[in-house]
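Chemist: sequence-free structure coming up:
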């Protein structure tokens, strides 16, 4: 268990710092999580820190319902989103939710985002769906909308939230972060070629 935690923690920190370096979220926005293998627990970002400030001393562990298990800082508001996806899809090992500009613009304007880069076409074979949740955070009603959307789009590894960016998930948090970068690249190419 201890070695699993160390591996998960290091993967979390690497993905968080990479997402921050790539400019995928401004200020303290965005959140990342890693499922602790063989448990119903996840490492999540505390509220109020940037992805770049994530460090061993400020990470927290919650259960998949967002209840604090270890740490002293309030967890991100998006534990419902992260925990809900982990509970529904056992194969997910890491989730990245970030707020890159072009992805938000596409989510606000379109109902889905076509795949226009070869890199996106390598990870998915259907357009990136957009979930039109109006709340500032994803609540249980929003999770039902997400579950319904994902049931209609099997095989997706990411989706967009209107006004709220990208949610990417994969077996590892490194892959989830990489996919979030590819979604934003695709969004930028798509937006620029639309001449909007």
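Modeler: Thanks, I have it. Computed from a predicted structure; not experimentally measured.
Chemist: is residue 34 in a helix, a strand, or coil?
Modeler: When the structure is split into helix, strand and coil by DSSP: H, G, I helix; E, B strand; the rest coil, residue 34 lands in strand.
Chemist: touching, it and residue 42? I think so.
Modeler: Yes. Applying Cβ atoms under 8 Å as the test, residue 34 and residue 42 come out as touching, 6.4 Å apart. No exception for glycine: its C-beta is placed from N, CA and C like everyone else's.
Chemist: those two - which one has more neighbours?
Modeler: The neighbour comparison of residue 34 against residue 42 (other Cβ atoms under 10 Å) goes to residue 34, with 31 against 26.
Chemist: can you pull out the helices in the chain?
Modeler: Secondary structure of the chain (DSSP state H): helices located at 2-21, 79-88, 101-109, 118-123, 140-152, 173-194.
Chemist: and the nearest residue to residue 177 once chain neighbours are set aside, how many residues sit next to it?
Modeler: Beyond its immediate neighbours in the sequence, the residue positioned closest to residue 177 (Cβ to Cβ, 6 or more residues apart in numbering) is residue 15, lying 4.1 Å away. By other Cβ under 10 Å, the residues close to residue 15 number 26.
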